[in-house]
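Asker: Predicted coordinates and the sequence they were generated for:
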Amino acid sequence: MSRLYAFLLSVLALALPLPAVAAVLVASVDRARLAVGESFELSLETGDVTLFGRPDTAPLEADFHVGDVRQVNRPASIADDRAASTRWIVSLVALGSGTLTIPALQVGELRSQPIVVQVLDAPAATSASAAPVFIEASLDQEQVYVQAQAVLTLRVYHSVALYDDSLFAPPELSDARVEPLGPRRTYEKVINGVRHGVIETRYALYPQRSGELVLPALMFTATTVASDDNGRPRPGTQVRVASASLSLKVLPKPGLYPADAAWLPARSLSLSETWNPAPETASVGQSLTRTLTLEADGLSSAQLPPLPDGAVDAMRRYPDQPRLDDQHTERGLVGSRQEREALVPSRPGRSELPAVDIVWWNTREDHLEHTSLPARAFEVQPAAEPASVTSLPGRALPGPLWPWQLATALLSLTTLLGFGLWWRARSRPAVARLAAAGPSARGLLDDLKRACLNNDPQSSRQALDAWARQQSETLAQMAVRHPPLSDALDGLNGALYSEAGRYWQGRRLWQAVSSLPNGGRPAGAEESLPPLYPK
């Protein structure tokens with residue numbers, strides 16, 4: 001019967017309505033900069049899979065030509081922890097140039113946010129645009145500084161259908177580093193009343209030497225789609241078209257740039273920091289995690305230098321490996337470098353971290369700039385002591401006194417009772433002495449040795465604290481008198497406060513403890529063993 005009741009309760013729980021999950025409608029575009037006549041895609045996505053229908057596209061018709069609207073349902077996936085979602089993809093073509101706003105659209109009860117896109121004037125038609133397949137190559141600027149970013153855009157226009165066997169080799173330059181900017185883009189554009197398919201590829205170029213950089217012509221190869229007598233598609237002719245060669249003027253590093261600073265030519269650069277926990281709550285022995293993030297628009301993460309070392313005498317530093325990341329945007333690469341370190345204060349008092357200053361060259365405004373974080377000072381509190389009850393002189397205890405008087409009387413009675421039992425036991429024959437309650441000194445040393453030889457920093461720290469509580473000195477006092485123990489403790493703290501804990505070797509700590517006087521045992525400590533012949 002109990003199993004039947006449990007089954008009925010589970011069925012009833014499943015039948016109850018679940019609380020509504022707050023769903024949103026997120027809008028995004030595949031391109032935020034485009035030209036008049038070029039198509040782009042607007043995506044509307046929500047996590048509410050019960051939402052049906054299609055978005056109301058009437059607000060778009062004022063500034064855009066609305067094409068196909070298709071719906072994509074994506075199921076949930078446990079493998080990559082992906083939630084289910086529903087997405088609508090709307091094909092749009094801008095009717096005019098300028099800064100256009102895609103208004104908020106509504107699907108059911110949900111409403112998206114507006115999006116701003118930049119629409120450029122359509123370039124003048126050339127003689128090559130009359131060909132069924134042609135290439136357009138362009139640079140986003142005519143001159144750049146050495147090691148600064150220039151974006152090369154290659155667009156293949158085709159008014160005939162092509163097989164998916166196109167080949168476009170990336171540019172090979174001996175005096176520049178070439179980085180692809182994301183996968184190929186495909187869209188449509190109307191040229192002289194003819195609809196063309198567009199294959200767009202972008203590269204970030206970083207010239208390594210000043211002077212003139214010549215970009216050679218690039219070859220595009222593809223096979224056209226033809227039809228047989230029955231109208232079925234078949235491979236047609238192979239087309240090969242080449243782009244025009246381009247030249248880029250590369251300027252040397254300005255003379256007023258500091259010689260001892262890393263050369264950083266960027267459009268913008270930012271430096272930020274985060275703390276966990278806040279440094280104002282610092283105390284001796286408490287780990288503070290400081291994260292510094294350097295982000296540069298127009299540079300890759302590999303070009304960003306290590307941040308200045310902010311060492312402080314009163315703190316131990318345990319840095320982690322830096323995290324490098326590159327983000328592809330409409331204007332090129334945005335590189336970021338994140339450095340995280342654990343700071344452990346070693347003594348109370350005022351501590352100050354020095355300022356962090358980064359020198360860089362603003363390529364947008366063509367001048368030298370400094371981006372810095374100011375020095376940060378905070379007060380380190382002493383380590384927390386175990387709470388103890390003490391009476392302060394000149395102050396009365398709060399509350400009534402009778403509970404304390406009753407507790408004192410009970411304590412006195414139990415003390416007298418215990419003394420009487422002890423006096424009575426003296427007249428009886430001796431019995432085997434019981435082992436002392438709690439772990440013995442030998443057992444604690446065995447636990448510490450086992451944890452150290454297993455290279456387990458967490459268990460070693462716990463065993464070390466348990467062993468230290470039975471000593472006549474604190475760990476800090478023993479570390480001052482025994483340098484090997486001090487070095488071993490620094491290594492253990494480094495393993496606990498950083499990601500290098502899996503490489504920690506505990507043999508050094510065990511050898512330091514074993515080398516202490518009396519082998520790490522408290523003075524006069526003996527094992528509690530029963531006598532062989534009780535008297």
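Answerer: Perfect, thanks for sending it. Numbers count the residues shown, from 1 in each chain.
Asker: Count the residues that sit near residue 331.
Answerer: Residue 331 has 16 neighbours, counted by other CB atoms under 10 Å. Backbone N, C-alpha and C define where each C-beta goes, glycine included.
Asker: I'd say it and residue 267 touch.
Answerer: Yes: at 7.3 Å, residue 331 counts as touching residue 267 under the criterion of CB atoms under 8 Å.
Asker: tally of neighbours for residue 238?
Answerer: Count around residue 238 with other CB under 10 Å applied: 11.
Asker: can you check residue 295 too?
Answerer: By other CB under 10 Å, neighbour count at residue 295 equals 20.
Asker: tell me the pLDDT at it?
Answerer: On the pLDDT scale, residue 295 is placed at 96.
Asker: Where do the strands of the stretch 351-500 of the chain begin and end?
Answerer: For the stretch 351-500 of the chain, the strands defined by DSSP state E, counting those that start in this stretch occupy 356-362, 367-373, 376-380.
Asker: Next, the angle from the first one to strand 367-373.
Answerer: In this structure, strand 356-362 runs at an angle of 160 degrees to strand 367-373, with axes from the mean of the first three to the mean of the last three CA atoms, to 10 degrees as the basis.
Asker: ok, and which of the strands of the stretch 351-500 of the chain has the densest surroundings?
Answerer: Counting by mean count of other CB atoms under 10 Å, strand 356-362 has the highest mean neighbour count of the strands of the stretch 351-500 of the chain, with a mean of 18.
Asker: if we look at that strand, which residues are touching it?
Answerer: With contacts defined as CB atoms under 8 Å, 6 or more residues apart in numbering, strand 356-362 is touched by 145, 253-254, 257-258, 261-269, 271, 273, 292, 294, 296, 307-308, 310, 367-373.
Asker: That strand pairs with which strands?
Answerer: Sheet partners assigned to strand 356-362 using DSSP bridges are listed as strand 265-266 (parallel), strand 367-373 (antiparallel).
Asker: what are the C-alpha coordinates of it, in CSV please?
Answerer: The C-alpha trace of strand 356-362 is given here as CSV (Å, rounded to 0.1, in the frame of the first residue of the first chain):
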residue,chain,number,x,y,z
VAL,A,356,48.8,49.8,-12.7
ASP,A,357,49.6,52.0,-15.7
ILE,A,358,49.4,50.9,-19.4
VAL,A,359,50.9,53.1,-22.2
TRP,A,360,49.3,52.7,-25.6
TRP,A,361,48.9,54.6,-28.9
ASN,A,362,45.4,55.7,-29.9
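Asker: okay, the angle between that strand and strand 376-380?
Answerer: Going by the same axes, to 10 degrees, strand 356-362 makes 160 degrees with strand 376-380.
Asker: what's the spacing between strand 356-362 and its chain's center?
Answerer: In terms of CA atoms, centre = their mean, to the nearest Å, the centre of strand 356-362 is found 23 Å from the chain centre.
Asker: One more: stretch 439-454?
Answerer: Stretch 439-454 has its C-alpha centroid displaced from the chain centroid by 38 Å (CA atoms, centre = their mean).
Asker: Now that stretch: buried residues?
Answerer: Across stretch 439-454, burial judged by 16 or more other CB atoms under 10 Å covers 440-441, 444-445, 447-449, 451-452.
Asker: Produce a PyMOL select command limited to the buried residues of the contacts of strand 356-362.
Answerer: Selecting only the buried entries of the contacts of strand 356-362 in PyMOL, with 16+ other CB under 10 Å as the criterion:
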select buried, resi 145+263+264+265+266+267+268+269+271+292+294+296+307+310+371+373
